[in-house]
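K.L.:
Whatever this is, show me its structure:
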Amino acid sequence: MSFNFKRFNTNTLGGLLLHFLLAAGTIILLSVLYFFVYLPNTTNHGETITVPNVEGSSISELERFLVNRNLRYEINDSSYSADYPPLTVLKQFPHAGSKVKEGRKIFISINRADPPTVPLPNLIDGSVVNADAVLRSNELRRGKIELVAGPFNIVKEMKYLGEKKKAGDRVPKGSIIDLVVMDGGTGGKLELPSFLDLPYDEAEFVISGWNLNVGNITLLGDTTGGIVLKQMPEPGENIKVGDAVDLWIGKAGTPIPGEEEDEESENP
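P.N.:
All right, here's what the predicted structure looks like:
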């Protein structure tokens with residue numbers, strides 16, 4: 001038996017239907033081949049690269065971190081942080097650990113070479129505790145305290161790099177501001193109070209309130225919920241305004257290295 005194609009002439013309903021089905025089948029076949037054969041072979045389907053962490057890296061290191069991993073980068077922002085050297089990466093997107101295709105562009109934010117300036121707040125006639133808080137809120141830091149004779153325990157002058165400054169003068173963000181402080185008629189001598197058994201943040205606040213500085217911090221074991229176990233100079237000793245107090249921080253009952261040996265030598 002021979003098949004008569006004339007029955008499916010386009011002038012008939014059956015012929016039109018056959019041509020429609022053939023066209024639809026061809027489109028479906030081409031779509032399957034394009035999405036499941038052509039695209040995977042040309043876009044490395046299923047092959048990904050883990051984005052490395054480049055935050056804190058310098059610009060010169062980006063070639064090694066990104067280009068050698070078949071990734072690209074683009075600087076799309078810049079800001080300033082005193083915690084990082086100039087021209088280092090502050091942020092990146094996509095974030096470290098993300099899975100991306102080869103050739104993906106990583107957008108980065110760079111730390112400025114020159115910090116922006118901020119106006120110096122007015123610290124005159126205020127306490128050192130107030131000066132610390134105001135400086136921090138303006139992204140500045142308190143430096144040395146220079147003690148001068150005076151009836152009140154207040155800030156008399158502000159200095160930046162040894163030069164006297166007034167409120168409103170612009171200084172680089174993150175700058176260290178030294179203070180000239182009156183001694184309150186004490187002649188600069190203080191009897192050091194006890195900071196023992198205080199949580200560290202509270203001890204730091206009290207030390208600053210006495211116009212003193214926190215010196216070396218020694219952490220003893222797990223310091224979660226830790227308190228001050230030892231301080232140097234010891235409570236009751238005479239010190240000057242601006243001196244540093246060293247602290248040993250740890251949980252209550254934690255032995256302090258060196259003191260156990262002293263006890264054993266006293267009690268053989």
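
K.L.:
Now do the contacts for Leu192.
P.N.:
Counting by Cβ atoms under 8 Å, 6 or more residues apart in numbering, Leu192 makes contact with Gln231, Pro233, Glu234, Pro235, Gly236, Glu237, Asn238, Ile239, Val245. For the C-beta atoms, the positions are set from N, CA and C on the backbone; glycine is no exception.

K.L.:
Kindly give a single PyMOL line that selects the buried subset of those residues.
P.N.:
The buried residues among the contacts of Leu192 can be selected in PyMOL (16 or more other Cβ atoms under 10 Å) with this line:
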select buried, resi 231+239+245
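
K.L.:
Now for Val148: which residues touch it?
P.N.:
Lys156, Val180, Val181, Met182, Asp183.

K.L.:
from what I can see the second one touches Glu157, true?
P.N.:
When you say that, I think you mean Val180. Yes. The pair Val180 / Glu157 is scored as a contact, 3.8 Å apart, by Cβ atoms under 8 Å.

K.L.:
about what we covered before: let me have the contacts of Leu192 in a markdown table, adding distance to Val134 as columns.
P.N.:
Converted to a markdown table, the contacts of Leu192 look like this (distance: Cβ to Cβ, whole Å):
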| residue | distance to Val134 |
| --- | --- |
| Gln231 | 27 |
| Pro233 | 28 |
| Glu234 | 32 |
| Pro235 | 30 |
| Gly236 | 32 |
| Glu237 | 30 |
| Asn238 | 30 |
| Ile239 | 25 |
| Val245 | 23 |
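
K.L.:
Widest-spaced pair of the contacts of Leu192?
P.N.:
Taking Cβ to Cβ, the two most distant members of those are Gln231 and Asn238; they sit 14.5 Å apart.
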